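could you work out the structure for the sequence below:
(chains A, B, C and D)
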Amino acid sequence: MSEKIGRDELAQLVAKDIKPGSFVNLGIGQPTLVSNYLTPEQGITLHTENGMLGMGPVAQGDEIDEDLINAGKIPVTELPGASYFHHADSFAIMRGGHLDVCVLGAFQVSATGDLANWHTGAPDAIPAVGGAMDLATGAKDVYVMMSLFTKDGQSKLVPECTYPVTGVNCVTRIYTNEAVFLITKDGVRVRETFGTTIEELQAKMEVKLLPAE
Amino acid sequence: MSEKIGRDELAQLVAKDIKPGSFVNLGIGQPTLVSNYLTPEQGITLHTENGMLGMGPVAQGDEIDEDLINAGKIPVTELPGASYFHHADSFAIMRGGHLDVCVLGAFQVSATGDLANWHTGAPDAIPAVGGAMDLATGAKDVYVMMSLFTKDGQSKLVPECTYPVTGVNCVTRIYTNEAVFLITKDGVRVRETFGTTIEELQAKMEVKLLPAE
Amino acid sequence: MLNIAQTAQEAVAGVHDGATVLIGGFGNAGQPMELIDALLECGATDLTVVNNNAGQADAGLALLIKERRVKKIICSFPRQSDSWHFDTAYRAGEIELELVPQGNLAERIRAAGAGIGGFFTPTGYGTMLAEGKETREIDGRGYVYETPIHADFALIKALKSDKTGNLVYRKTARNFGPIMAAAAKKSIVQVSEIVETGQLDPEVVVTPGIYVDTVVKIAAPATAAAEQKVSK
Amino acid sequence: MLNIAQTAQEAVAGVHDGATVLIGGFGNAGQPMELIDALLECGATDLTVVNNNAGQADAGLALLIKERRVKKIICSFPRQSDSWHFDTAYRAGEIELELVPQGNLAERIRAAGAGIGGFFTPTGYGTMLAEGKETREIDGRGYVYETPIHADFALIKALKSDKTGNLVYRKTARNFGPIMAAAAKKSIVQVSEIVETGQLDPEVVVTPGIYVDTVVKIAAPATAAAEQKVSK
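Below is the predicted model:
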């Protein structure tokens, strides 16, 4: 693809990349957009860590039910084939490696797949972690969605995270507005770029980029 | 009581001693007799470790259901207020200390409440433990029911178990055909005797016996 | 035997100063709001509270914190846009925070109820939240040692109880309820309905009555009120 | 996606030599007899089997052991009046036995499914079955370190499945089913009925479909046959 890509197009791309029949957890924020592009044919089942598989779209009007919310505390709906369970069972699903894919936002990702997305590291910040660390360590594949560069042009894909990490060696793929990166044993591969080239990206990043295989 | 006591009378005594509203697990064998003497007024709930609270009497005739058995694999019945759960949840009830009383048979009990009831120690025996160790460590009170002496006159209440132990410091009370013993911090107290005296018993036992308080 | 309390005040009357109290709920779902309000009224102080969050807006747990009745909170996500009472108490050094990843929080509560002395979890390994904790490499992966969270009381909300304390929940309001009921010495449960024993199908009971000490019926709020709460 | 097999043979066809196989059931309740028979037929050998017992009489698991297809069994109670095939194999040194207290067996299976690397349990502390194991004193009490039992396959029996693999069980036949389904890479389930997705109430699903790979419908035996089995 040679065009720049927007948040919705990126979400669409992630959605298309998820294998049919997968069990998926979508983190709060940008990853939530992915649900808009999952098709019924894919037969994807969404997990929400507050105790449900088979989560449906955000509830509207009369559908709103205080007892049926997602991890972002937004009222949602229930699809046929749904099930409810308590918090320990729900996190057992995550920690036990039963989710195929988890899609998360990030402050930074390291070249070896360390994820930083829970704490800015600011000394006066009140820390809060929620389910971020469980999501990072739990799924078979952890996809990150983020802009590749900060507002002042720093790459968020870094040799080593400078923010406090959420999990180590956990991210397998990074979807950004500039390119899709795969974290492999050989290093970071660029699967595709959007309106840029691997050489242009390399010039702005410390992490060594490898071409797609 | 100055008369000798039979197995059924002993079971009746144990039943009477269990506090109203208790949750109880009765081991296989002699302890099972206790269920015959629990009264509805006591409101005792029976647990069976293969996944049920609210177990009723042994099933008869048409009540027999292959899917409803107790830990001894005997068909049983379900009482109002029953619930089913899986094996990990069932043993969590035991290990977590939620049962008030567990009644078990024994080869030997030590003066400090060590229990031996799973293995004769014979070198050619095929070992089998089942839920014995979980029962021994799990309940708030572990009552043992046994004959006090072996056929050749050896006391089964001993200074230290010579059989392999099932659990350490777990037994709190021993119901035998000769006397009821309490395992206390001070030592072994004789709560009551049946057709014998504490002096007569002491003459036949190594364990030092203390009178009832 | 199950204690059926007539009011939320009566239900929480035994909560003593210095108690560790598990409080159920995730967002408003499963939050035992009336029991928390009663706890506020009853005056118990110096509490250690375990909840997913650290109170929101000017209600429930947030008010307990505002009144400085909570000396320590164990939670996964204290920082929210409307957690101003916690923020103030925390910045003033007037509340201790133990921050625990949500899944470790759930598993530690589960471990307490299940009699597990401690366990190794991959969650948090290599992070700030594992600093100072025992770690172990198991099959090539890093794990952190975590310990059970035992408690004196649990305040939770369920849909129905029977008269032996068997509970069923509703949708994602189940969340922490079942594991908290098992982890506490005394579990206090608000329900929308108390039915006769025998009216709950034994196959669908989620929390067996062995884990429940006190229930109190609190009428469900009208739908309008429920919607208003959600929209906050 | 759920694989709906037409026969028990098809359901177990993927079980390979050397596999670790969890087999559900406690007594006849929840025992996936037809799947075990199919496993016998399919020829897979050198198996490690996890079950509460070690086979009874001349059926199911006992025949797998008789045919020397099981190199190791992990169980809590191998010695029964009719476990003669196990007895013979064991005394001949032709089967390895790992004896585990029943609650530790259940918790180790649960740990595998829940991603716990290991845990401390009070059960077995101070006994022969803890010899050589790591121990730890926690709050004045002795605990033994136990590790998860991961498996390649689980063969279990449930009452109903929907077409996404959500399961419900029946009475004490639930036993090891839910934890085994979660602990195995591939779970193979025999059910009495397969219903359309949406026909199971989400509140009463015991095993969510995420844990189930293959289901096969096996007609329930007639009542007379069931009674005969029980009376054995």
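
and A:I198, what's its pLDDT?
Here, the pLDDT recorded for A:I198 equals 97.

chain neighbours aside, what residue packs nearest to it?
Excluding its sequence neighbours, the residue lying closest to A:I198 (C-beta to C-beta, 6 or more residues apart in numbering or on different chains) is A:V190, at 4.9 Å. For the C-beta atoms, the positions are set from N, CA and C on the backbone; glycine is no exception.

can you dump the C-alpha atoms of the helix or strand containing that neighbour in PDB for me?
Per DSSP states H and E, A:V190 falls inside strand A:187-193. Presented in PDB, the C-alpha positions along strand A:187-193 are these (Å, rounded to 0.1, in the frame of the first residue of the first chain):
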ATOM      1  CA  GLY A 187      14.500  -8.900  14.700                       C
ATOM      2  CA  VAL A 188      11.900  -6.400  13.500                       C
ATOM      3  CA  ARG A 189      10.500  -7.000  10.000                       C
ATOM      4  CA  VAL A 190       8.500  -4.500   8.100                       C
ATOM      5  CA  ARG A 191       5.500  -6.300   6.600                       C
ATOM      6  CA  GLU A 192       4.200  -3.300   4.700                       C
ATOM      7  CA  THR A 193       4.500   0.500   4.700                       C
END
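
what comes up buried for it?
Neighbour-count burial for strand A:187-193, counted by 16 or more other C-beta atoms under 10 Å in any protein chain shown, picks out A:V188, A:R189, A:V190, A:T193.

who does that strand pair up with?
Taking DSSP bridges as the criterion, strand A:187-193 forms sheet pairs with strand A:179-184 (antiparallel), strand A:209-210 (parallel).

what about the residue lying farthest from the centre of chain A, is that helix, strand or coil?
Distance from the centre of chain A peaks at A:D62, with 30.3 Å (C-alpha atoms, centre = their mean). Recorded secondary structure, A:D62: helix (DSSP: H, G, I helix; E, B strand; the rest coil).

any figure for the gap between it and C:V191?
Applying C-beta to C-beta, to the nearest Å, the value for A:D62 to C:V191 is 25 Å.

likewise A:C102?
34 Å.

what about those two, which has more around it?
Taking other C-beta atoms under 10 Å in any protein chain shown, A:C102 and C:V191 do not tie; A:C102 has more neighbours (29 against 24).

make sure that one is indeed in a strand.
Yes: according to three-state DSSP, A:C102 belongs to a strand.

bridged to it, which residues?
Note on A:C102: beta-bridge partners A:N25, A:V142, judged by DSSP bridges.

quick check: it touching A:G138?
Yes: here A:C102 reaches A:G138: they are 6.7 Å apart, a contact under C-beta atoms under 8 Å.

what touches both of the two?
Among the neighbours of A:C102, those also in contact with A:G138 (C-beta atoms under 8 Å, 6 or more residues apart in numbering or on different chains) are A:M94.

still on that earlier bit, among the strands paired with strand A:187-193, which is nearest C:I109?
Set against C:I109 and scored by C-beta to C-beta, the strands paired with strand A:187-193 come closest in strand A:179-184, at 33.6 Å.

list the buried residues of the top helix by length along chain A.
Ranked by residue count and defined by DSSP state H, the top helix of chain A is helix A:7-17. By neighbour count with 16+ other C-beta under 10 Å, helix A:7-17 contains the buried residues A:L10, A:A11, A:Q12, A:L13, A:V14, A:A15.

tabulate the residues you listed (TSV), appending pLDDT and distance to C:G93.
Formatted as TSV, the buried residues of helix A:7-17 follow (pLDDT from 0 to 100; distance: C-beta to C-beta, whole Å):
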residue	pLDDT	distance to C:G93
A:L10	97	43
A:A11	97	43
A:Q12	97	48
A:L13	97	47
A:V14	98	43
A:A15	98	46
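
before we move on, back to that, what's in contact with the longest helix of chain A?
Contact with helix A:7-17 is made by A:5, A:30-31, A:33-39, A:42, A:103, A:143, A:145, A:175-177, A:180, as judged by C-beta under 8 Å, 6+ apart.

how distant is it from the center of its chain?
How far helix A:7-17 lies from its chain's middle: 11 Å, per C-alpha atoms, centre = their mean, to the nearest Å.

helices of chain A, start to end?
Counting by DSSP H, chain A has these helices, from start to end: A:7-17, A:87-95, A:132-138, A:198-203.

for the first one, list the C-alpha coordinates in CSV.
Read it as helix A:7-17. Output in CSV follows, covering the C-alpha atoms of helix A:7-17 (Å, rounded to 0.1, in the frame of the first residue of the first chain):
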residue,chain,number,x,y,z
ARG,A,7,-7.2,4.9,12.3
ASP,A,8,-10.2,3.3,10.8
GLU,A,9,-8.4,1.9,7.8
LEU,A,10,-5.8,0.5,10.2
ALA,A,11,-8.5,-1.1,12.4
GLN,A,12,-9.9,-2.6,9.2
LEU,A,13,-6.6,-4.1,8.4
VAL,A,14,-6.2,-5.6,11.8
ALA,A,15,-9.7,-7.0,11.6
LYS,A,16,-8.9,-8.6,8.3
ASP,A,17,-5.7,-10.2,9.7
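
could you measure from C:R170 over to A:D67?
From C:R170 to A:D67 the distance is 5 Å (C-beta to C-beta).

cool, A:N36 as well?
Counting by C-beta to C-beta, the gap from A:N36 to A:D67 is 24 Å.

what residues does chain C have near chain D?
For chain C, the contact set with chain D under C-beta under 8 Å from any C-beta of the partner chain comprises C:107, C:111, C:114-122, C:136, C:138-139, C:141, C:143, C:147, C:168-171, C:201-204.

among these, which lie within strands?
In strands, judged by DSSP state E, the following of the residues of chain C next to chain D are found: C:G118, C:F119, C:F120, C:T121, C:R136, C:I138, C:R141, C:Y143, C:V168.

of the residues you listed, just say which sits nearest to chain B.
Closest to chain B out of these is C:V168 (10.3 Å), distances taken as C-beta to the nearest C-beta.

for the closest one, what are its contacts?
C:V168 makes contact with C:A158, C:L159, C:K160, C:L200, C:V204, C:V205, C:V206, D:E203, according to C-beta under 8 Å, 6+ apart.

top of the residues you listed by neighbour count?
C:A158 (28 neighbours).

host element of that residue?
strand C:151-162.
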